[in-house]
Every structure is written in structure tokens, then in C-alpha cells.
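Peer 1: Give me coordinates for this.
(chains A and B)
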Amino acid sequence: MSLIEPFKLALKSIFSNKLRSILTTLGVIIGVAAVITLVSMGEGAKSYILNQIGAWGVGANSLTIHPGEENSHMVELTLTYEDALALRQKVKNLQYLMPEFVGRGRLIYGKKAYVPGFTMGVSADYPFAYKQKTAEGRFFSAADELGRKRVVVIGKTVAHNLFGELSPVGENIKINGVGFTVVGVLEEKGAILTYDMDDMALIPSTLSELVLGSNKIWEMFITLNSEKQVDQAIKDVKKILIARHRKEDFHIHTQQGFIDIINNVLNAMTGIVSAIAAISLLVGGIGIMNIMLVAVTERTREIGIRKAIGAKQRDIFLQFVFESILITMSGALIGIALGTLSAWGIMAYIKLEAVIAWGAAYTACLVALLVGIFFGVYPAMRAARLDPVEALRFEA
Amino acid sequence: MNNLPVVRIDKVKKVYHMGKVEVLALQEITLNIAKGEFVSIMGPSGCGKSTLMHMIGCLDRPTQGHILLDEVDVDELDDNSLAEIRNKKVGFVFQTFNLLPKLYAIENVELPLIYAGLGFDERRKKAADLLEMVGLKERAFHRPTELSGGQSQRVAIARALANGPSILLADEPTGNLDSRTGDEIIHLFKELNDRGITMIIVTHDQDIANQSKRIVRLKDGLVIADEKLRA
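Peer 2: Residues are numbered from 1 along each chain as shown, chains lettered A, B, ... in the order given. You can find the predicted model right below:
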């Protein structure tokens, strides 16, 4: 007898006991649905976060250099404009280099005065490194930067506070008493965490000392042509800066570290959920074994009849094992469907997109198959080994 | 060829263990049944009739002695081979019909064909032919609960004949039927016997036994009489 016949028999028997089959498989459904929901949501959240990082230009091909030793509580501003120039010349595969000279600037336009959250000296790479477009006008060029042109690009919040509804481009303002011409307005970026990223004014890095009174760099952002070059770039940066400073008074962060943290958190969450699901599947499996044992007793006479007309032990065994596997597998499939649906529902509610957790779905199917086999084998063996004469004598 | 017995029972003894108690079901039975015979086995309850039937039908094994079907010693066969004999060589008809209640009449008839490995189309056709032969063609898609006792027993006989067995065993086949229906069943058995199937039935109804060709009487696990009624 082929495998198809015992499969059909198992299917028939499951459908003739619909309510019992559904109740039996409920444990598996709940366990699998829980895992799929949480993993789908987690994957969705992860891809959202990674997309956000990508949109901000901060990809895996970037690194940031911070002044001061790693883990030191005192922030000593050890990086200078000359350091930035040296790195621009010597780091291989450099794509963009963006020193940030952060300070406070008092902006005056006519009779209005406004102090933005940040006034920063940056390089002309800024719009490329951070994927920042201008809503109006233009960003300053490398020539403007080198030529110490007194031009400024402002964010929407600054524009609104100083100019109201008027177009700021071409207007003259004063920053800390130095005259500037507004050449562009940045496209809106919104808030990241609680920082208003539109509340800033950007000036050429070469004017930082004059306007902000410091040539010290708060942070330097570097991108490379490819993320494979990050490790080499870290070595280059260290070599160049240590040669200039004679000590390692700076530290380097890569975005990979941040991405790793997100991954770790999500993996830990998935691990916990999987453990809960494993317990649920175990309990479900025991329930299935219990029901299968009851079914074997209930159907003793049927088994006797089947044996009397020529069913082999293998035929009976397969019929019952398939029944158990079908119960757990259909539970897994229903659970995957329900879990995916509920993940989509919840994520749609919080305006994010869920990602279908294919990996978790495959795993759930595999585990369900194993649970079905593991908890189905013993009852099926009992059924297969029944003595036909005694089984025929059995009164239900 | 015809002289060789189709069933040879040689000094068969059967002891059951019911917990710690030993029950002697068959003391020592020796009996030969030739091809084409119609044998009735009679005796009071507990004389070992059913036990003997189970052993001829390969549902059980003797404690001692040998059972040979077509000169093959059943004792030397493994469980799978016994299942194959039950499937192909012998057909079993029970007092309580033993049909599967959730299956249609035709599906019940198909069961032995499934275990014989036939495909759907082939076995459905064969089962339909068998139902027609026992006069239940129009009842094919009724469940056993929708059939009368006589009809159920006919379905059971069709099932027993599915794989063309050479021996048909019937254990009190008319026990749950009224006498008129019982007569019809016996009539059907006689027809099958005329076609060359060896019939062995257990009964305690003398009228039914009288319609067979040979009566074997058992008591306390021993053969006490063996009379030939007709050739």
C-alpha cells in the first residue's frame, strides 16, 4: 500500500471529528501564531529602523570619529580642521568627509533675532553624506568652502522664525555679528528622537573659527565607496591621526555597531518568544498524544476489522502517525496565517509594515512536523500492535 | 491435486492467558478440509469454535501444533505474511458484520482492495461488481446504519470476497438475523460453494448446519463427531 492511502484515511478521520481536531490543534495554533506575530512585527520594526538610518545617509559604509578617548567622561575636543584636511588627503576609498564644528549662533535679520538649536560649520559634502536636499536655493559648494565665502544654509524652523512666509534665499543676515547671505533652505527632515533637525544653520567649515570661535571638531562623519572598505578605513584613520597626535585621543564608531545592537535586541526578543512557543508546542504535543491514545482505544474495533481484512502493522501505524502529523501541520499552517494576519493588523494600526517571517514559518512547519511525529509514534505503535482477535472482541 | 486438503489442522492446542488464569480453549484438534467442501462447525458456547476459526483465518496462532493452508505452515510466516493471507486467501464473515460505520457500503467493500494496493478506479469498479453480485447495487452509497441486518451481512460477504479468496470463513453469520434472512445468506453461501470456494461456517443452528455438506462437532476443545452429509 502506498503512502497516499493512509494519508487519505487520516484526513478522513480528522474531518469526521472536526471539533475535536480543532481543539486538539489549538495549542499548536496559538504557539505558532504568537511566534509568527512577534517575529513579523520585529522584522518589520527592524527594516523600518534600518530604512530610517539609510534615509539619513548613515549606512553600513560609514564611520564616525569622536574626539577624546573611548569611555572617557570628560569630552576633550582633540580634533581640528587640520586633522580633517589630513584625512581627506590620505584615507583610501574616501567618499565623503564631514567634520562638524558645533556652536551657538545668534542670527539677526533686520530687527528679528533667533538662536537655532545648532549652528554648525560643515563641509560641502554635507548634502551628499546625509542625503540632504534643499527645498529652496542651493547648498554651498566646495569652492565656497575653500574660498571662505560667507554663505549660510538654514533649516525650515530657522527660516520660519526669521523670515516668516518670505523666501530667505538671497537675504543678508548676521551670525554672531558676521554678515552672511542665505543661499538655501534645507528640505524638512523632522525630529529624530527629540531633536528638531530643521532647527539649524550650516556655514562653511572654514568660517567656524571666525563665527563660532573654535576650530575644534565635535564629530567627523566619513563615508566610503563600499562597506567592505570600512575596516581598512578605520586602520587608515588611526594611523594618520596617531601620527599627528602621537596618541589615540579619539575613538571611532561604525554604524555596524548600532545595527548589531538592534539585531541583538530583536534576536533576544525572538529567542524569548520561541521559548514560549516551544513550551506551547510541547504542551500541545502532549495534548495531541493524549487524544491519539483515546482515539486508538475508541477505534480498537476498527483497527481489529482492518487487520482482519489484511491491514499490515505498517498500514495501521502510518494511518495514525499521519493523523497526528496532519493535526500538528494544519495547526502550524493556521497559526502562520493567523500570526501573519495579526502582525499586519497591528503594524498597520501603528502605521508600519510587517515583514512576512518566512524563516520563522519554515521553522514552525518543521517543528510541527517533528512534534506530530514524536507525539504520534507511540499511540500509532500501540494501534499497530493490537492483537486482532482481542481488538475484534472490543466493545466500545 | 483435489486430494490435498486446503486446510490441514494438525494436533492444534490453544491456551489463553487471562491475567494469571490459563484457559484451555483447544485441547487437541486434528482436522482436514478439502477444496470445495462446505463444513459446519457446531458445539456449545466455549467449546473453541471461534478460536479454531480465528486460527484458520490467520488472526491467531496455535500454542502447539500446526495449521497448513495449501500445505504452507502458517506458523512459519511473519505477521506481514499473515496479513497478506487474511487479505487475499481467506475471507472472514462475522456475526456482527463488523462494517466500518462511517464508510459507505461500497467503501467497506473496497477496504481489502486498498490494502491489496489497488488504485481508486480499479477498486471502485470491482467493489461495484461485488455489490451487484450480492444484490445490493443500489445500496452502494448507504452507510451501514441505513442498511438492514441482511443487507449489512451481504456487504460483509462482498467485502470478504473482494480479493477472490479460496476459503470463506463465517462465524455465526446468521446469528443476528431472522430465519428467513438467514436462509437467504446460507443460499448465497451455497452459490459461492458451487463456484468452488471452500466454505467453513460456525453455527449452533442445526437447520443451517443441515444445509452444508459436512458437520464437525466440538466439545471442550476436542472434535467429538465428524459426519459427511453429502458429497
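Peer 1: where exactly do the helices run in chain B?
Peer 2: B:49-56, B:79-88, B:105-115, B:120-133, B:149-160, B:179-194, B:206-210 (DSSP state H).
Peer 1: swap that for chain A, please
Peer 2: Going by DSSP H, chain A shows helices at A:4-15, A:18-55, A:81-90, A:126-129, A:142-146, A:156-163, A:208-212, A:230-245, A:255-298, A:300-308, A:313-349, A:358-384, A:388-393.
Peer 1: which of the ones you listed sits most buried?
Peer 2: helix A:300-308 (a mean of 24; mean count of other Cβ atoms under 10 Å in any protein chain shown). To be clear about C-beta, it is placed using only N, CA and C from the backbone, and glycine gets the same treatment.
Peer 1: that older thread, now tabulate the helices of chain B in TSV and tack on distance to residue A:189 and mean neighbour count.
Peer 2: TSV is the format used below for those (distance: least, Cβ to Cβ, whole Å; neighbours: other Cβ atoms under 10 Å in any protein chain shown):
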stretch	distance to residue A:189	mean neighbour count
helix B:49-56	87	24
helix B:79-88	76	19
helix B:105-115	70	25
helix B:120-133	67	16
helix B:149-160	80	24
helix B:179-194	92	16
helix B:206-210	99	15
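Peer 1: out of those helices, nearest to chain A?
Peer 2: helix B:79-88 (2.3 Å; Cβ to the nearest Cβ).
Peer 1: could you check the angle helix A:358-384 makes with that closest one?
Peer 2: Relative orientation of helix B:79-88 versus helix A:358-384 (axes from the mean of the first three to the mean of the last three Cα atoms, to 10 degrees): 80 degrees.
Peer 1: As JSON lines, the helices of chain B with distance to chain A and mean pLDDT would be great.
Peer 2: Formatted as JSON lines, the helices of chain B follow (distance: least, Cβ to the nearest Cβ, whole Å; pLDDT from 0 to 100):
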{"stretch": "helix B:49-56", "distance to chain A": "5", "mean pLDDT": "92"}
{"stretch": "helix B:79-88", "distance to chain A": "2", "mean pLDDT": "94"}
{"stretch": "helix B:105-115", "distance to chain A": "4", "mean pLDDT": "95"}
{"stretch": "helix B:120-133", "distance to chain A": "9", "mean pLDDT": "95"}
{"stretch": "helix B:149-160", "distance to chain A": "7", "mean pLDDT": "96"}
{"stretch": "helix B:179-194", "distance to chain A": "17", "mean pLDDT": "94"}
{"stretch": "helix B:206-210", "distance to chain A": "22", "mean pLDDT": "92"}
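Peer 1: dump the residue contacts of residue 202.
Peer 2: In the absence of a named chain, this looks at chain A. Taking Cβ atoms under 8 Å, 6 or more residues apart in numbering or on different chains, we find residue A:202 in contact with A:120-122, A:126, A:140, A:152-154, A:186.
Peer 1: To clarify, I was referring to chain B.
Peer 2: B:40-42, B:49-50, B:53, B:170-172.
Peer 1: Residue B:158 now?
Peer 2: Counting by Cβ under 8 Å, 6+ apart, residue B:158 has contacts B:109, B:127, B:130-131, B:133-134, B:136.
Peer 1: Find the nearest non-adjacent residue to it, please.
Peer 2: Excluding its sequence neighbours, the residue lying closest to residue B:158 (Cβ to Cβ, 6 or more residues apart in numbering or on different chains) is residue B:130, at 4.0 Å.
Peer 1: Likewise for residue A:347?
Peer 2: residue A:354 is the one closest to residue A:347 (Cβ to Cβ, 6+ apart), at 4.1 Å.
Peer 1: That neighbour and chain B, how far apart?
Peer 2: 42 Å (Cβ to the nearest Cβ, to the nearest Å).
Peer 1: For residue B:168, which non-adjacent residue is spatially closest?
Peer 2: residue B:91 (4.7 Å).
Peer 1: for residue B:79, same thing?
Peer 2: That would be residue A:313: by Cβ to Cβ, 6+ apart, it lies 6.2 Å from residue B:79.
Peer 1: so the one you found touches residue B:81, yeah?
Peer 2: No - if you go by Cβ atoms under 8 Å, residue A:313 and residue B:81 don't touch, sitting 12.0 Å apart.
Peer 1: show me what contacts the nearest residue in space to residue A:329 that is not next to it in sequence?
Peer 2: Spatial nearest neighbour of residue A:329, chain neighbours left out: residue A:368 (5.3 Å); criterion: Cβ to Cβ, 6+ apart. Each residue near residue A:368 by Cβ under 8 Å, 6+ apart is listed here: A:28, A:32, A:281, A:328-329, A:331-332.
Peer 1: What separation do you get for the nearest residue to residue B:84 once chain neighbours are set aside and residue B:88?
Peer 2: Leaving out its chain neighbours, the residue that sits closest to residue B:84 by Cβ to Cβ, 6+ apart is residue A:310, at 6.8 Å. The gap separating residue A:310 from residue B:88 is 7 Å, by Cβ to Cβ, to the nearest Å.
Peer 1: which neighbours do these two share?
Peer 2: B:116, B:163.
Peer 1: mind checking how far stretch A:126-142 is from the chain centre?
Peer 2: Computed by Cα atoms, centre = their mean, to the nearest Å, the chain-centroid distance of stretch A:126-142 equals 28 Å.
Peer 1: Could you do stretch A:153-169 as well?
Peer 2: Using Cα atoms, centre = their mean, the offset of stretch A:153-169 from its chain centre is 35 Å.
Peer 1: Contact partners for the residue nearest in space to the middle of chain B?
Peer 2: By Cα atoms, centre = their mean, chain B has its centre lying nearest to residue B:169, at 1.4 Å. Contacts for residue B:169 (Cβ under 8 Å, 6+ apart) come out as B:53, B:56-57, B:90-93, B:200-201.
Peer 1: Residue 219: neighbour count?
Peer 2: Using chain A here. For residue A:219, the neighbour count with other Cβ atoms under 10 Å in any protein chain shown is 16.
Peer 1: wrong one, I was asking about chain B
Peer 2: Other residues close to residue B:219 by other Cβ under 10 Å number 15.
Peer 1: Brilliant, that's me finished.
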